[in-house]
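Enquirer: sequence and computational prediction follow.
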Amino acid sequence: MREYLSIVSAALTSHHPRCHFEDVTRADIYGFCVPFARISCVSLKKLNFQSRFDSAIRWLWSALSQCCAPRCVPKIIRAMIDDAGVPSEYLEWHGHNDFHKGFVNATTAWLYGCAAANGTLLGFGERTGNPPIEGLIIEYISLMGHNNGIDTTMITESGTT
């Protein structure tokens with residue numbers, strides 16, 4: 001952890017790195033991930049980063065499924081927010097469709113406090129793909145209760161409904 005944190009500290013002085021917790025369902029959530037995130041957030045506060053867009057670190061996860069705690073999507077998101085102190089607006093979900101749960105895991109991440117979800121056009125991507133952006137857009141609108149200025153007609157081939 002010390003090695004990783006020294007790299008993060010050095011990068012924060014002149015760059016805007018992204019911090020990826022890859023395949024976090026196989027990681028030691030409370031023995032490594034939460035302490036690492038907590039210390040990194042302290043570093044951000046010392047450098048006066050104020051918002052997600054100002055942030056030098058955005059947290060991304062790849063998770064396999066909504067399995068049992070502590071490896072389930074809700075528990076991972078809440079552990080970062082409640083136990084590590086990572087602001088919700090810094091959290092970004094990056095999930096693959098390994099077990100056909102890429103879309104539902106992204107939606108679950110939103111519901112439990114993650115501010116963003118990664119997706120790809122038609123769900124194409126590395127390995128088994130990512131949630132399809134067009135599906136995420138419709139899901140976002142249904143969760144928010146309004147379209148927030150999103151023009152869904154652009155999803156269709158002709159651009160009209």
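Expert: Everything's here; your move. Residues are numbered from 1 along each chain as shown.
Enquirer: going forward, measure contacts and count neighbours with C-alpha atoms only.
Expert: Will do.
Enquirer: P35 and V73, how far apart?
Expert: 18 Å (Cα to Cα, to the nearest Å).
Enquirer: the two: which is more packed in?
Expert: V73 (29 against 17; other Cα atoms under 10 Å).
Enquirer: the more buried one and T107 touch, don't they?
Expert: No. The pair V73 and T107 fails to qualify as a contact (Cα atoms under 8 Å) at a distance of 9.8 Å.
Enquirer: I138 should be in a helix, yeah?
Expert: Yes. I138 forms part of a helix when assessed by DSSP: H, G, I helix; E, B strand; the rest coil.
Enquirer: pull the contacting residues for it.
Expert: Contact analysis of I138 by Cα atoms under 8 Å, 6 or more residues apart in numbering lists T152.
Enquirer: quick check: it vs C33, distance?
Expert: 32 Å.
Enquirer: again with N105
Expert: Here N105 is placed at a distance of 19 Å from C33 (Cα to Cα).
Enquirer: got it, and S40?
Expert: Between S40 and C33 the computed distance is 10 Å (Cα to Cα).
Enquirer: which one of those two has more residues nearby?
Expert: Neighbour totals were compared for S40 and C33, and S40 leads with 22 against 18 (other Cα under 10 Å).
Enquirer: what about the more buried one, which helix or strand?
Expert: S40 is part of helix 34-46, with elements assigned from DSSP states H and E.
Enquirer: next SSE after the helix or strand bottoming out on mean pLDDT in the chain?
Expert: Each helix and strand of the chain was given a mean pLDDT (mean pLDDT, DSSP states H and E); the minimum falls on strand 59-61 at a mean of 56. Next along the chain after strand 59-61, taking DSSP H and E as the criterion, comes helix 73-78.
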